[in-house]
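> Let me see the structure of the following:
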Amino acid sequence: MRRFAVLLFSIPFLTAPSIAAAARCSAVLPHNGQSFSGPVRKVIDGGSLCLGDGPKAKRWIAVRLADLDAPALRGPGGEGAKWALRRAAGGKAAVCTAEHVQGRQVLAVCTVDGVSLARLAREAAGNGG
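Numbering: from 1, shown residues only. Coordinates of the predicted model:
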C-alpha cells in the first residue's frame, strides 16, 4: 500500500515536464501589423511554432501560421504536418507579421529567406505550393 501511495503522489511530478512544455513560448506578443523575427526554436504542430532570440523560452513568441491550414497534431496527417514544418523551418530565421493575437499566441504570416513559410511547409509535406 505504501508503494501505491508513493506512486500516486509522484504522478504530478512525472507529468510536470509535459505541462512545462505547454508553457513555453511566453514572450510578450507583438501588436497587430507589427513585424518580428528570430530563429524558429520549436515546432509545436503542423501550423504552430515558437521563434525568438536566445535559449530561454520566456523570450520566444508563440506563432500560429495564418496562411497554413494544417491538420490537428493527433489527427490523420498531424505528425507528418509537424515534421514537414520542422523540415521547412527548424532553426531557420523567420520574419513574421502579426495579424491577430489569440490568447497566448499570435496569428501571423511568416517567411524564411523571403519565401512563405506556409509554402515551404506544404512543399516539405509534398503538397505543392
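> What residues does Leu49 make contact with?
Remark: with contacts taken as C-beta atoms under 8 Å, 6 or more residues apart in numbering, Leu49 is in contact with 40-43, 62-63, 65, 85, 89, 94. C-beta coordinates here come from the backbone N, C-alpha and C atoms, glycine included.
> Next up, phi/psi of it, please.
Dihedral pair for Leu49: phi -150, psi 170, per degrees, to the nearest 10.
> what ranges do the strands span in the protein?
For the chain, the strands defined by DSSP state E occupy 35-45, 48-52, 60-65, 93-102, 105-112, 115-116.
> who does the first one touch, helix- and strand-wise?
It stands for strand 35-45. Judged by 3 or more C-beta pairs under 8 Å, 6 or more residues apart in numbering; DSSP states H and E, strand 35-45 is in contact with strand 48-52, strand 60-65, helix 78-89, strand 93-102.
> quick one, that strand and strand 105-112 angle?
100 degrees (axes from the mean of the first three to the mean of the last three C-alpha atoms, to 10 degrees).
> what about strand 35-45, distance to the chain center?
Between the centre of strand 35-45 and the centre of its chain there are 7 Å (C-alpha atoms, centre = their mean, to the nearest Å).
> Paired strands for it, with orientation please.
strand 48-52 (antiparallel), strand 93-102 (antiparallel) (DSSP bridges).
> before we move on, what about the fifth one?
Strands flanking strand 105-112 in the sheet, each with its direction: strand 60-65 (parallel), strand 93-102 (antiparallel), strand 115-116 (antiparallel) (DSSP bridges).
> Please work out the average pLDDT along the shortest one.
Mean pLDDT, taken over the full extent of strand 115-116, equals 96.
> For the chain, give me the ranges with low pLDDT.
1-23, 127-129 (pLDDT under 70).
> Kindly recompute the last result at 50.
Applying pLDDT under 50 to the chain flags residues 1-23.
> returning to that earlier point: and the strands of the chain: which comes nearest Pro76?
strand 35-45 (13.4 Å; C-beta to C-beta).
> The closest one versus helix 78-89: what angle between them?
150 degrees.
> Please spell out which residues along strand 35-45 are buried.
36, 38-45 (16 or more other C-beta atoms under 10 Å).
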